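[1] here is my input; please provide its structure:
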Amino acid sequence: MERDQRADHIIVACHHPPFTNSRVVSPSEESRARFAEPFLRFNKIRLFFSGHAHAYERFQVEGKQFVVSGGGGGPRHSVRANLERGLFQDAFNGPELRFFHFCQVASHGRALAFEVLQLRPDESFGAVDSLKFP
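    You can find the predicted model right below:
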């Protein structure tokens, strides 16, 4: 796919997060070795989605975006929002107890747009994080 001129962007997904600051689940060394490390070597791969942690987190590693999205239901997980020893730098500056949410990805010609929409108390949704890829 890296050489295929018909593909401008590639998105990767797996269940267990290679990076997370969850207070409930740990980052997966296996996901990091089998998926995240190869992911970093390809130019067209833009986003890496994982779940398992019931929170929203976003990590930038070597210029690539790793998103943890587990905020669609179930008990929400708190994350370590302040950097503590051995944790990852979360690019999203949110509260420790993250919100219910969903992610939306859209293609606009050759560009890719990513957005996270938070469930608000009035049951509407509002964007809380976004990225654009040329």
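
[2] going along the chain, name the helices of the chain.
    Applying DSSP state H to the chain gives helices spanning 29-31, 37-39.

[3] a markdown table please, covering the ones you listed and showing mean neighbour count.
    Bear in mind the C-beta positions are built from the backbone N, C-alpha and C, glycine included. Below are those laid out as a markdown table (neighbours: other CB atoms under 10 Å):
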| stretch | mean neighbour count |
| --- | --- |
| helix 29-31 | 14 |
| helix 37-39 | 15 |
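
[4] between those, which one is nearest to C14?
    helix 29-31 (5.5 Å; CB to CB).

[5] let me see the mean pLDDT of that closest one.
    Averaging pLDDT along helix 29-31 yields 97.

[6] if I read this right, F88 contacts P18, doesn't it?
    No: with contact defined as CB atoms under 8 Å, F88 does not reach P18; the gap is 9.5 Å.

[7] list residues touching both of the two?
    P27 (CB atoms under 8 Å, 6 or more residues apart in numbering).

[8] so between these two, which is more surrounded?
    More crowded of F88 and P18, by other CB atoms under 10 Å: P18, with 24 against 19.

[9] next up, phi/psi of the more buried one, please.
    The phi/psi pair for P18 (degrees, to the nearest 10) reads phi -70, psi -20.

[10] thought it was touching P27?
    Yes: counting by CB under 8 Å, P18 touches P27, with 6.0 Å between them.

[11] I'd like the helices of the chain written out as CSV, with distance to I45 added.
    Shown next, in CSV, are those (distance: least, CB to CB, whole Å):
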stretch, distance to I45
helix 29-31, 15
helix 37-39, 5
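
[12] how about the contacts made by the residue positioned nearest the centre of the chain?
    The centroid of the chain falls nearest to V67 when counting by CA atoms, centre = their mean (0.6 Å). V67 sits next to L47, F48, F49, S50, Y56, E57, R58, C103, F114 when contact means CB under 8 Å, 6+ apart.
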